[in-house]
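Peer 1: Attaching a predicted model along with its sequence, questions to come.
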Number of protein chains: 2
Amino acid sequence: MTDLTETLAGDKAPRAKTVRGKPRGNGRARKRTSLPEAKLLEFAELLFFAYRDFTRDPDVILKDFGFGRAHHRVLHFVNRHSGLRVADLLDILTITKQSLSRVLKQLIGKGYIVQRAGRSDRRERLLFPTDKGRVLAERLAAPQSVRLAEALKAAGPGAEAHLRRFLEAMVNAEERPKVSSIMAASPVPLKESAQGGGS
Amino acid sequence: MTDLTETLAGDKAPRAKTVRGKPRGNGRARKRTSLPEAKLLEFAELLFFAYRDFTRDPDVILKDFGFGRAHHRVLHFVNRHSGLRVADLLDILTITKQSLSRVLKQLIGKGYIVQRAGRSDRRERLLFPTDKGRVLAERLAAPQSVRLAEALKAAGPGAEAHLRRFLEAMVNAEERPKVSSIMAASPVPLKESAQGGGS
DNA sequence: GGAAATAAGTCAACATGGCTGACATAACCG
DNA sequence: CGGTTATGTCAGCCATGTTGACTTATTTCC
C-alpha cells in the first residue's frame, strides 16, 4: 500500500516544491550548490538505490540456508578466487578476523568451504569452495548477473568501458593495485577436488 | 604491513593460478561459464569494492558525532528532500519504522532534524534538516562528491549518461517510478527556517 | 638453534542496526 | 460515529561489526 510514487510526487497535497509553511527559500541557507554538485549527489543517490536492490536479490535465497550477507560475501570471494588465504579475505572485506571467523566457521561447518594448509607456508589456511559451496555461490550470483546484464544492456553500447573505469576510480587509490590483482587471480573457479566437509 | 598486492598477486609462492595441490581444473566443475558470465561477476566485484570505499568516507566523520551509517542515510535524504514524510523515508530505506525510529529520534534529539505536522494532513510528520543538520549533511557529502567527480572524470566523457542509465536499470523495475519521483522532488535543500533543536 | 615475527584461531564483551509483535494515539474519511 | 491511516513506542531478538587479550603453529632471521 501507499505508493510512494504518488505520495512523494505529491498530487493530493503540494509536497516538496512549496514545502509546508513558508515557501521562502533563503533565510541564509541554499549555499552555492556549485551546480555540478547537485548532479553528483544524484549519482550518490542512484548508487544507493542501485546497490540497495542489487544486494537484496541474494538475501532472499540466503535466508533459506540460514545465512546472511556476510556469508555471501565470503562464499563469493572464496568461490571466485579459490585458494586465497584468510588474510586476503580480511583485506578484501575490511573486517576483523573475529568477525570473519564467525561466518567462516559456519560455512566450513556446513560444508560449503574447506581449508587446507598452504604448501609453501603451512601456517596459511587456504580456502576453497566445496561442490556444494560452488553450487550455492552460483545460485546467489545468478540473479545479480541477470540484473547486471540487463543494466549494462540498458546503459547502451560502450557503457561497459565507461562503467569499468568509473568503478575502478571509485576505489581508494591505494587499494586499486590490490583490487586489480585480486580480480586478475583465478578468473574462473579453479577446482581442486575439495570435498569432505559433509558428514 | 602485509601488502595484499604482493601476497595475492603472489611472487614468493605461486598463489592463485596454479592453486595449491593439484593444478588440475575439471574433476567435473568449471561449468559452461558463458563467458559474459565472468565479465558480469567482475562488475559485481567492482561494484562491491566501489561501494565499500564510497561508504567508508563519511563513516570516519560520523564517528566524531557519535553517529553511524544509518544516521547518515536518514540525514542525507531529509536534507536532500526536505519535507518528506516518515513513510517516505521508510520506503526509501526499506527498513522498519522501529529501526528508523531509533536513529531518527537521535537526530531530532541532537538538533539535526526537526519535524512538523503536515498542513493538509496533520497526522503526517514532515522532516526538515536544521541549519546544523544541513551543515553536517554537506560535510558528509563532500568527500563522496569529490570521489564521484573524480571517478566520473576518470571514466571519460560520455560516461555520465551511460552511468545514469546503468544505475537506473539496476533498481528494481517496480521501484523505478518511485526513485524517479524522489529524485525529482526538491532538488535543492529547500529551506523552511527550521531552527530550534539546539538548547 | 633459538628468538622474534607472522598466520591463524579463540574467548569475552560490547555496539550498531536490522527484525518481529503488540499496542497506543491522533487525525482523517465516509 | 467507526474504521483506516500515520506515527510512535515498548520489549526482545538476531546478525554482524568492534576491541582487547591470549594461544598455537610455523617461518624467518641472527
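Peer 2: The structure has been received and is ready for your questions. Residues are numbered from 1 along each chain as shown, chains lettered A, B, ... in the order given.

Peer 1: Any residue of the helix or strand encompassing residue A:133 touching chain B?
Peer 2: Element membership for residue A:133 (DSSP states H and E) is helix A:131-155. Yes - using CB under 8 Å from any CB of the partner chain as the criterion, contacts between helix A:131-155 and chain B involve A:131, A:134, A:138, A:141, A:144-145, A:147-155. Every C-beta, even on glycine, is put in place using the N, C-alpha and C of the backbone.

Peer 1: Just among the residues you listed, which is most surrounded?
Peer 2: When neighbours are taken as other CB atoms under 10 Å in any protein chain shown, the top entry among these is residue A:148 (24 neighbours).

Peer 1: now it, nearest residue through space, not along the chain?
Peer 2: residue B:40 (4.8 Å; CB to CB, 6 or more residues apart in numbering or on different chains).

Peer 1: tell me the contacts of that neighbour?
Peer 2: When contacts are counted by CB atoms under 8 Å, 6 or more residues apart in numbering or on different chains, residue B:40 touches A:144-145, A:148-149, A:152.

Peer 1: by how many degrees do the helix or strand following the helix holding residue A:133 and helix A:131-155 diverge?
Peer 2: For helix A:131-155, the following helix or strand on the C-terminal side (DSSP H and E) is helix A:159-170. Direction vectors for helix A:159-170 and helix A:131-155, defined by axes from the mean of the first three to the mean of the last three CA atoms, to 10 degrees, enclose an angle of 110 degrees.

Peer 1: now the strands for chain A?
Peer 2: Using DSSP state E, the strands assigned to chain A run over residues A:84-85, A:113-117, A:125-129.

Peer 1: my guess is residue A:100 meets residue A:89, correct?
Peer 2: Yes - counting by CB atoms under 8 Å, residue A:100 sits close enough to residue A:89 to count as a contact (6.2 Å).

Peer 1: hey, what's in contact with both of those two?
Peer 2: Where contact means CB under 8 Å, 6+ apart, the residues bridging residue A:100 and residue A:89 through contact with each are residue A:74.

Peer 1: Give me the more crowded residue out of the two.
Peer 2: With other CB under 10 Å as the criterion, residue A:100 and residue A:89 differ in neighbour count, and residue A:89 comes out ahead with 20 against 17.

Peer 1: pLDDT score for that one?
Peer 2: The predicted structure scores residue A:89 at 97 on the pLDDT scale.

Peer 1: Run a quick check on it versus residue A:76, I expect a contact.
Peer 2: No - with the criterion set as CB under 8 Å, residue A:89 and residue A:76 do not qualify as a contacting pair; they are 10.5 Å apart.

Peer 1: what does chain A put close to DNA strand D?
Peer 2: Selection of chain A residues close to DNA strand D by CB under 7 Å from any atom of the strand yields A:1-2, A:66-71, A:94-96, A:98-100, A:102-103, A:117, A:121-123.

Peer 1: Quick one: residues contacting the spatially most central residue of chain A.
Peer 2: In chain A, the C-alpha nearest the mean C-alpha coordinate belongs to residue A:55, at 6.4 Å (CA atoms, centre = their mean). By CB under 8 Å, 6+ apart, the contact set of residue A:55 is residue A:69.

Peer 1: Give me the distance between it and residue A:143.
Peer 2: Remark: distance between residue A:55 and residue A:143 (CB to CB, to the nearest Å) = 11 Å.

Peer 1: contacting residues around the residue in chain A that DNA strand D sits nearest to?
Peer 2: Nearest residue of chain A to DNA strand D, counting by CB to the nearest atom of the strand: residue A:68, 1.8 Å away. By CB under 8 Å, 6+ apart, the residues touching residue A:68 are A:59, A:62, A:103.
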